[in-house]
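[1] Whatever this is, show me its structure:
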Amino acid sequence: MPQKLRKKNIIHLENEVNSLLKSELSRFHYPIKLIYQVDERIPDGIEENPHYKVIFIIPKRYLKKAYKRNLAKRRLREAFRINQNLLDHFRESGKRIYLAFIYVSAEVVPFKQMETAVVKLITDLK
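    Modelled structure (predicted):
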């Protein structure tokens, strides 16, 4: 079954981003910091309201060149897309989780290292 990262699963609204970044719940596994927020409200419809929403942040402060930020963001998105099924227990429990993956390395790391970090961070949420 092909897994896609749909547009409805990406955080776009400024107030959602601001409330998520103010959250005190966070985890860290090099090279990624995860800030998350769990919403206990049960969504009305699973299709209209996804059980997770995510944003990927690659600060210019760490990677000055745009092509490096783009490469890191593509790798981070792909690592999450492949392993997004690890968040299915939030759907079963009727909760929604907001995730912010923040890249904190000064150089672009290999995909395997990034995928390992994403899996570790997601499994720690259980």
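
[2] So which residues of the protein form strands?
    26-29, 32-39, 52-57, 96-103 (DSSP state E).

[3] export those to JSON lines and tack on mean pLDDT, distance to Val119 and mean neighbour count?
    Heads up, the C-betas are built off the backbone N, CA and C, glycines and all. Formatted as JSON lines, the strands of the chain follow (pLDDT from 0 to 100; distance: least, CB to CB, whole Å; neighbours: other CB atoms under 10 Å):
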{"stretch": "strand 26-29", "mean pLDDT": "96", "distance to Val119": "9", "mean neighbour count": "14"}
{"stretch": "strand 32-39", "mean pLDDT": "95", "distance to Val119": "11", "mean neighbour count": "19"}
{"stretch": "strand 52-57", "mean pLDDT": "96", "distance to Val119": "15", "mean neighbour count": "19"}
{"stretch": "strand 96-103", "mean pLDDT": "96", "distance to Val119": "12", "mean neighbour count": "21"}
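
[4] Name the residues of the helix-or-strand element of the chain with minimal mean pLDDT that are buried.
    In the chain, no helix or strand scores lower on mean pLDDT, DSSP states H and E than helix 88-93, which sits at a mean of 87. Using 16 or more other CB atoms under 10 Å as the test for burial, helix 88-93 gives Phe90.
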